[in-house]
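# Sharing a model that was predicted from the sequence below.
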Amino acid sequence: MRKSILLLVLSLVLLLTFGVNVYAQNKEVSEPGTTTYYVTSKVLPLGEGILYFAYEATGLTVNDTGGGLFHNATVRTLGGMKIEKNEFKNERGWGVWNLQGGDKVFGTYEMAGNVNPGGVSFAKGMFTITGGTGKAAGIKGSFEMTRRTARSTLEGVGISYSKGTIKYILP
């Protein structure tokens with residue numbers, strides 16, 4: 001009888017130890033949504049039909065579900081690209097999301113696309129999440145996105161939005 005009770009207690013201890021560990025394993029989270037941007041820029045002509053476009057953008061992420069880590073997070077990016085014959089293949093930038101609780105999520109991105117007359121553009125790319133602070137410390141993930149730029153009503157100011165799904169894992 002004692003051996004049975006000892007075996008039962010040992011089994012419960014092992015189950016709780018390893019069962020809790022399995023439950024706590026990291027799981028990928030997906031948050032579909034839209035990020036809108038207000039963009040200021042500088043343009044440097046490099047030759048006939050070639051220019052370098054540098055920009056700073058600030059915006060807001062809204063998730064389709066109305067909740068999640070990135071819902072209502074503000075975002076700021078700095079980036080640039082060389083545009084040749086209305087196409088760009090090498091847009092690169094860096095960004096930070098400021099989450100509602102005050103924590104930050106950092107990353108880099110690369111995009112490619114085209115620009116039409118009047119500043120209307122289309123691009124596809126990937127934002128790679130590289131880390132974070134506070135509750136987001138150790139976060140890894142990505143945001144595969146499609147960006148559209150609309151014709152702005154203000155001279156020298158761009159308006160754009162990116163749609164996609166943010167996927168991440170927290171430690």
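All right, it came through fine. Quick caveat: nothing in here was measured; it's all calculated off a predicted structure.
# what's the burial count for residue 125?
As a burial measure, residue 125 scores 19 neighbours (other Cβ atoms under 10 Å). In this view, the C-beta of every residue, glycine as well, is placed from N, C-alpha and C.
# Please read the previous query as pertaining to residue 98.
Residues within reach of residue 98, counting by other Cβ under 10 Å, total 14.
# who's it bridged to?
residue 74, residue 104 (DSSP bridges).
# Next: residue 29.
Beta bridges link residue 29 to residue 168, judged by DSSP bridges.
# surely it meets residue 69?
Yes: using Cβ atoms under 8 Å as the test, residue 29 is close enough to residue 69 to be in contact (7.2 Å).
# Excluding chain neighbours, give the residue nearest to the most centrally placed residue in the chain in space.
Centroid-nearest residue in the chain: residue 143, 4.5 Å away (criterion: Cα atoms, centre = their mean). Excluding the flanking residues, the one nearest residue 143 by Cβ to Cβ, 6 or more residues apart in numbering is residue 127, at 3.9 Å.
# quick one: which helix or strand includes that neighbour?
strand 121-132 (DSSP states H and E).
# Past that strand, which element shows up next along the chain?
Per DSSP H and E, the first helix or strand lying C-terminal to strand 121-132 is strand 140-150.
# what does the strand holding residue 127 contact?
When contacts are defined by Cβ atoms under 8 Å, 6 or more residues apart in numbering, strand 121-132 is touched by residues 88, 91, 95, 103-115, 137-149, 160, 166, 168.
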